[in-house]
Structure formats: structure tokens, C-alpha cells
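Colleague: pasting the structure only:
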């Protein structure tokens, strides 16, 4: 009875706070981006761009928090584990081979590439001992190889995908309506996975032995969680490029601010906060910088700030292990 009551409290508290974040974000977007708009520009461009920025952040925040919980490592996200670079490489390779930019082909290829990169990074990390630093080193190695390959391919496909180089840093400059079904499907998968996995991920925090005693198979839960997180993140990367560190920042900030590691709280807070953060970054880059320096990829801005946060977090974790 206590558990049910506790679940209800967590649900309603999360619902109200996340609703407040969403309402605040919507008001800011309206005041900043929808003032005196041209109707055609509003519905054909601004609305989709803002919506895609929020959904992408929402998905990446979910992916980061789930990967950190399942691998019990606060220093990882899809970007650190090489999912971003391998997804983008696969999408670019598909465009180079087929010669067309087809949403379905990009979604499928980026999904296959991202999962391959994720499994490769985790396998190498396990060979290195499976420690926190092992995941970082293996992810950096995989990301470096495929980032370089993506950069070279970007020159080859520029005629078919003019924003290929911008996508290397993550950009919402091409918010095609064709992306909507895939992003809605990914968002639905995020919400369903949250409902099914949050409690199981909490059990994993107790360790594998206790997890089995409580009826949760750690290996299967970890495998399913990482595959889902890698899959939804790959779809975002295939359409909008490599957006780094947003999935790393918000789970750690959520745990710091809420003073809890309860994944029923961390996952949803991180997802909504990541969406608001990425939307705000894209708005800022477009409104404040485009007049002076042109279109600045939102992913580049987030990566610059997230990189500093990552270094600070890494230093804290390394000192804590001594």
C-alpha cells in the first residue's frame, strides 16, 4: 500500500513540475519566436523547428539518463558512447550510395549505425575492464573514427544535402515535415519505456545480486534499456546531426537538484529539461547570433557548454575514486 501511495506522489509531483516547465517553455517560445509572424513562415518553418528542437532534447535527455542508469555510469550519454558519430556516418553513407535524401532510409540507416556504434563502444569498454573511464575511452575512440569519416563524406554529399557539414554539430535548420512520424514514434517509445523501465532501473542501482533476488534480471534489463536509448537517440542524430552532451548534463543536474537517484524522477525531469534546454539554445543561436555571424548549429553551442560541464564532472568522479 505504501509503495502504491509513494508511486502516486512521485507521479503527480513529476507531472506538475514537468507541466510547469512545458508551459513556461511554450510561453517563452511564443514571446520570442511567434511575435508578429508571417503565417506561412510560422507553420511551415518556425513551428516545426521549435517542436523538433524540443522533441530532440526530450529524446536525448531520456537516452542519457537511461544509459547512465543501466550502465551505472554518470559520465556517459549517446554522444560519449559514439552513438552520434556512427549514426551520422551511416546516414551520410546511405545518402552517398543512394544519391537521395529519403527520410525512411535515413531513419533505418542511422538506427543501424547508432546501435552498432553503441555495441562496439560497450564491447571495447568491457574488454578494458568495464570501469567508468573505460566507457569514456572506448567511446572517444569510436567517435573519433566515425566523426572523421563523416566529415570526409560530408564533402561528397553536399550537393544532395547542403547542410551536411552543419549536421556534424547538430542543426535544426532543415525541419522537414517528413520527420514528424519518426519523431512521434520515438517519443512514444520513450514514454512507454519510461513507464516499463523506471522501477527496474531503480532495482539495478542495488547491484546485480540484489536485482536477481528481487526478480529483475540485470543483464536483460541492461540490454533492453541500452538498445532503446541508443535507438531513439540514433533517429534524432540521423535527422538533425550530432548534438553532444545535452543527455549528459541534465541527468546529473537533476540528481544534484532533486537530491535523488530515483529514475522515476530523474528520467522524466531530464527529458523535459533537455527539451527546454535545446529549444532555448536553438532560439538563442537563431535570434541573437544569426544577424552577426549567420546560422550557428545549436548542437555546437550545447557541446561547447556541455564539454566544460563534462570536464568538471570527470574531475570530480576521478577525485572521488582516489
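Modeller: That came through, no problem. The structure presented is a predicted model; accordingly, all values stated were derived computationally and were not measured.

Colleague: what's the burial count for the residue lying closest to residue 164 once chain neighbours are set aside?
Modeller: Counting by CB to CB, 6 or more residues apart in numbering, residue 164 lies nearest to residue 154, which is 4.1 Å off, once chain neighbours are set aside. (Glycine included, C-beta is placed from N, CA and C.) Applying the criterion other CB atoms under 10 Å, we find 20 residues in the vicinity of residue 154.

Colleague: same deal with residue 287?
Modeller: Neighbouring residues of residue 287 were enumerated by other CB under 10 Å; the total is 11.

Colleague: element containing the spatially closest residue to it that is not a sequence neighbour?
Modeller: Leaving aside its chain neighbours, residue 287 sits nearest to residue 32 (6.4 Å; criterion: CB to CB, 6+ apart). Under the assignment given by DSSP states H and E, the secondary-structure element containing residue 32 is helix 2-33.

Colleague: work out for me the element the residue nearest to residue 164 sits within.
Modeller: Take DSSP H and E as the rule and residue 154 turns out to sit in helix 132-156.

Colleague: report the buried residues of the very next helix or strand once past that helix.
Modeller: Next along the chain after helix 132-156, taking DSSP H and E as the criterion, comes helix 180-204. For helix 180-204, the neighbour count (16 or more other CB atoms under 10 Å) marks 182-183, 186-187, 189-190, 193-194, 197-198, 200-204 as buried.

Colleague: kindly report the same for stretch 133-152.
Modeller: Within stretch 133-152, the residues that qualify as buried by neighbour count (16+ other CB under 10 Å) are 133-136, 138-139, 142-143, 145-147, 149-151.

Colleague: who touches it?
Modeller: Counting by CB atoms under 8 Å, 6 or more residues apart in numbering, the neighbours of stretch 133-152 from elsewhere in the structure are 71, 73, 75-76, 79-82, 84-86, 88-89, 92, 117, 120-122, 124-126, 128, 165, 168, 242, 314, 318.

Colleague: buried subset of those?
Modeller: Burial by neighbour count, 16+ other CB under 10 Å: within those this picks out 71, 73, 75-76, 79-82, 84-86, 88-89, 92, 117, 120-122, 124-125, 165, 168, 242.

Colleague: what about stretch 176-188, average pLDDT?
Modeller: The predicted model gives stretch 176-188 an average pLDDT of 93.

Colleague: and the gap between the residue nearest to residue 164 and residue 296?
Modeller: Per CB to CB, to the nearest Å, residue 154 is found 17 Å from residue 296.

Colleague: just to revisit the earlier point, residue 93 is in contact with the residue nearest to residue 164, correct?
Modeller: No - shown here, residue 154 and residue 93 do not form a contact pair, counting by CB atoms under 8 Å, at 11.2 Å.

Colleague: now the angle from the helix or strand hosting residue 277 to helix 180-204?
Modeller: Taking DSSP H and E as the definition, one finds residue 277 inside helix 263-284. Our comparison of helix 263-284 with helix 180-204, counting by axes from the mean of the first three to the mean of the last three CA atoms, to 10 degrees, yields an angle of 140 degrees.

Colleague: could you say what helices and strands helix 263-284 packs with?
Modeller: With contacts defined as 3 or more CB pairs under 8 Å, 6 or more residues apart in numbering; DSSP states H and E, the packing partners of helix 263-284 are helix 2-33, helix 47-71, helix 180-204, helix 246-258, helix 298-320.

Colleague: which of those is buried the deepest?
Modeller: helix 47-71 (a mean of 26; mean count of other CB atoms under 10 Å).

Colleague: for it, name the packing helices and strands.
Modeller: By contact count (3+ CB pairs under 8 Å, 6+ apart), the secondary structure elements abutting helix 47-71 are helix 2-33, helix 180-204, helix 218-240, helix 246-258, helix 263-284.

Colleague: now what about the fourth one, what contacts it?
Modeller: Same thing as helix 246-258. With CB under 8 Å, 6+ apart, helix 246-258 has contacts from 57, 60-65, 67-68, 74-80, 233, 261, 265-267, 269-271, 273-274, 277-278, 302, 305-306, 309-310, 313.

Colleague: got the angle for it vs helix 47-71?
Modeller: For helix 246-258 and helix 47-71, the angle between their directions (the same axes, to 10 degrees) works out to 70 degrees.

Colleague: before we move on, the earlier item: from the buried residues of stretch 133-152, which is closest to residue 178?
Modeller: Within the set of those, residue 150 lies nearest residue 178; the separation is 21.8 Å, counting by CB to CB.

Colleague: gap between the closest one and residue 237?
Modeller: To residue 237, residue 150 is 10 Å away according to CB to CB.

Colleague: common neighbours of the two, please.
Modeller: By CB under 8 Å, 6+ apart, the residues touching both residue 150 and residue 237 are residue 88.

Colleague: re earlier: just the buried ones among the contacts of stretch 133-152: which are in helices?
Modeller: Among those, the ones falling in helices (DSSP state H) are 71, 84-86, 88-89, 92, 117, 120-122, 124-125.

Colleague: tabulate those residues (JSON lines), appending pLDDT.
Modeller: Rendered in JSON lines, the data for those read as follows (pLDDT from 0 to 100):
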{"residue": "71", "pLDDT": "89"}
{"residue": "84", "pLDDT": "92"}
{"residue": "85", "pLDDT": "93"}
{"residue": "86", "pLDDT": "95"}
{"residue": "88", "pLDDT": "93"}
{"residue": "89", "pLDDT": "95"}
{"residue": "92", "pLDDT": "92"}
{"residue": "117", "pLDDT": "94"}
{"residue": "120", "pLDDT": "93"}
{"residue": "121", "pLDDT": "92"}
{"residue": "122", "pLDDT": "91"}
{"residue": "124", "pLDDT": "92"}
{"residue": "125", "pLDDT": "89"}
